[in-house]
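1. Structure here, sequence nowhere to be found:
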């Protein structure tokens, strides 16, 4: 196998790994934002009408 083939394969694996890491970081950040927003909505839950309140995300456990 020519050396450039191994180099190209290794580069592909590196790019795939970086993509997986980036996806995981985005998922963690999304969960952090959801938690922050849910915390801010806590006091509002008491004053909103029931149909609106039922559509809000559940507070973190």
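-> Arrived safely, thanks for sending. Since this is a predicted model, take the numbers as computed values, not measurements. Residues are numbered from 1 along each chain as shown.

2. how many neighbours does residue 51 have?
-> Residue neighbour count, defined by other C-beta atoms under 10 Å, stands at 7 for residue 51. Backbone N, C-alpha and C define where each C-beta goes, glycine included.

3. Now do it, the pLDDT please.
-> Per-residue confidence (pLDDT) for residue 51: 83.

4. Residue 59 now?
-> So, for residue 59, pLDDT stands at 68.

5. For residue 26, see how far away residue 32 is.
-> Distance, residue 32 to residue 26, using C-beta to C-beta, to the nearest Å: 11 Å.

6. let me fix that: residue 41
-> As judged by C-beta to C-beta, residue 41 and residue 26 stand 22 Å apart.

7. The two: which is more packed in?
-> Between residue 41 and residue 26, counted using other C-beta under 10 Å, residue 41 has the larger neighbour count: 14 against 10.

8. Can you name every helix or strand that the strand or helix carrying the more buried one contacts?
-> Following DSSP states H and E, one finds residue 41 within helix 3-45. The helices and strands touching helix 3-45, judged by 3 or more C-beta pairs under 8 Å, 6 or more residues apart in numbering; DSSP states H and E, number zero.

9. Pull the number of nearby residues for residue 38.
-> Neighbours around residue 38, by other C-beta under 10 Å: 15.

10. pLDDT score for it?
-> So residue 38 comes in at 78 (pLDDT).

11. State the distance from the nearest residue to residue 57 once chain neighbours are set aside to residue 55.
-> Among residues not flanking residue 57 along the chain, residue 38 sits closest, at 5.6 Å (C-beta to C-beta, 6 or more residues apart in numbering). As for residue 38, its distance to residue 55 is 13 Å (criterion: C-beta to C-beta).

12. which residues touch the lowest-mean-pLDDT helix or strand in the chain?
-> Using mean pLDDT, DSSP states H and E, the weakest-scoring helix or strand in the chain turns out to be helix 50-55, at a mean of 78. Defining contact as C-beta atoms under 8 Å, 6 or more residues apart in numbering, one finds that helix 50-55 is touched by residue 45.
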